[in-house]
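with the sequence up front, the predicted model follows.
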Amino acid sequence: MMREMMNELVSEMKEWKVRWYALVKKTRVVADSDDERLLLDELATINSPKIVGFVNSYAMNSVVKNTTFFNSLCAADILLRDGSGMAMLFTRLNIKKGLNMNGTDFIPKLLEAYRGRQVAFWGTQEPYLSEAVSLAQSKYGVKVVSFHHGFDAEQVYVDLAAEFKPDLIILGMGMPKQEKIAAMIRDKRITTLVVCGGAIIDFMGNKIKRAPAWVRQLGFEWLYRLILEPKRLYKRYVLGNPAFIFRLLRLHRVARTD
């Protein structure tokens, strides 16, 4: 019995390492602002269904035991590095980390690239959803053709995608629900760009405040958010960050990527 338990533990440990290496390999490193502009141009001119996702330390912790979430992330066409935890991971693996491509900064740039086009916002709740929609239309000039709260069954959003066929869909439901929905929409072969935006709609709707610029530059926005929402984010950061670092230190370096 003990030997079986040890074998199962070793197998599980090997499996999470495989998943982490796979996600690191899939993550697109954006080298600089010029590279980011090329990415925006690419995403603004799609002719087939595409998914953009973001990988942060919380996602890496989550895929350890959540196979469905791991598969959903792997289904994304483009994964971007989000946060200081992932920068630490890339450094550990001897890989150039590039820019921090967190969705809160990148998605507004993407909305600007979609000015004048049809966009859907699905996530969060009122009144923050309506405020985010109003901001998107007034500041970025997009045409919001559908907006819906983020607490319905997954199929509801797939049906909305089939009905409205927007050029761009912003999902703001948090992990892993939004990634599963994105993969389901992609399977319908609707020519749209689906972005897994996490808390972006909350930020745009003024439900959550951004950390001051100097805090973001130091890589401590997670701590600022924890202070504002200790109960909701305790597990993600207070328990999750040490677990992430523990796993990070168990990974072996790989050949440098230039």
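Looks like it arrived, so ask away.

ramachandran coordinates for residue 23?
Here is the backbone geometry of residue 23 (degrees, to the nearest 10): phi -70, psi -40.

before we move on, what about residue 96?
Main-chain torsions, residue 96, degrees, to the nearest 10: phi -60, psi 130.

how near is it to residue 79?
Note on residue 96: its distance to residue 79, by C-beta to C-beta, to the nearest Å, is 16 Å. C-beta: built from backbone N, CA, C; applies to glycine.

neighbour count winner among those two?
residue 79 (22 against 11; other C-beta atoms under 10 Å).

A helix includes that one, no?
No. Per DSSP: H, G, I helix; E, B strand; the rest coil, residue 79 lies outside any helix segment and is strand.

where along the protein do the helices fall?
Using DSSP state H, the helices of the chain run over residues 2-26, 33-43, 57-62, 67-75, 84-92, 103-113, 128-139, 154-164, 177-187, 200-204, 213-217, 221-228, 230-233, 240-248.

poorly predicted segments of the stretch 1-150 of the chain, please.
1-13 (pLDDT under 70).

quick check: beta-bridge partners of the spatially most central residue of the chain?
With distances taken as C-alpha atoms, centre = their mean, the chain has residue 54 as the residue nearest its mean C-alpha position (2.8 Å). Residue 54 forms beta bridges with residue 80, as assigned by DSSP bridges.

and it, what does it touch?
Counting by C-beta atoms under 8 Å, 6 or more residues apart in numbering, residue 54 touches 79-82, 101-103, 196, 198.

closest to residue 123 out of those?
Each of the contacts of residue 54 was checked against residue 123 using C-beta to C-beta; the closest is residue 198, at 8.7 Å.

and residue 178, how far from residue 82?
In this view, residue 178 and residue 82 are 14 Å apart by C-beta to C-beta.

re the thing from before, and the helices of the chain, which is most packed in?
Neighbour counts (mean count of other C-beta atoms under 10 Å) averaged over each of the helices of the chain peak at helix 200-204, with a mean of 26.

neighbours of residue 66, how many?
Residue 66, neighbours per other C-beta under 10 Å, totals 16.

just the pLDDT for the nearest residue to it once chain neighbours are set aside.
Among residues not flanking residue 66 along the chain, residue 176 sits closest, at 6.2 Å (C-beta to C-beta, 6 or more residues apart in numbering). On the pLDDT scale, residue 176 is placed at 94.

give me phi/psi at residue 176?
Residue torsions, per degrees, to the nearest 10, at residue 176 are phi -100, psi 10.

make 40 the starting number, not 1.
Renumbered: residue one is now 40, and that last one reads residue 215.

show me what contacts it?
Per C-beta under 8 Å, 6+ apart, neighbours of residue 215: 101, 105, 107-108, 111.

distance to residue 265 added to these, as JSON lines?
Shown next, in JSON lines, are these (distance: C-beta to C-beta, whole Å):
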{"residue": "101", "distance to residue 265": "18"}
{"residue": "105", "distance to residue 265": "22"}
{"residue": "107", "distance to residue 265": "27"}
{"residue": "108", "distance to residue 265": "22"}
{"residue": "111", "distance to residue 265": "26"}
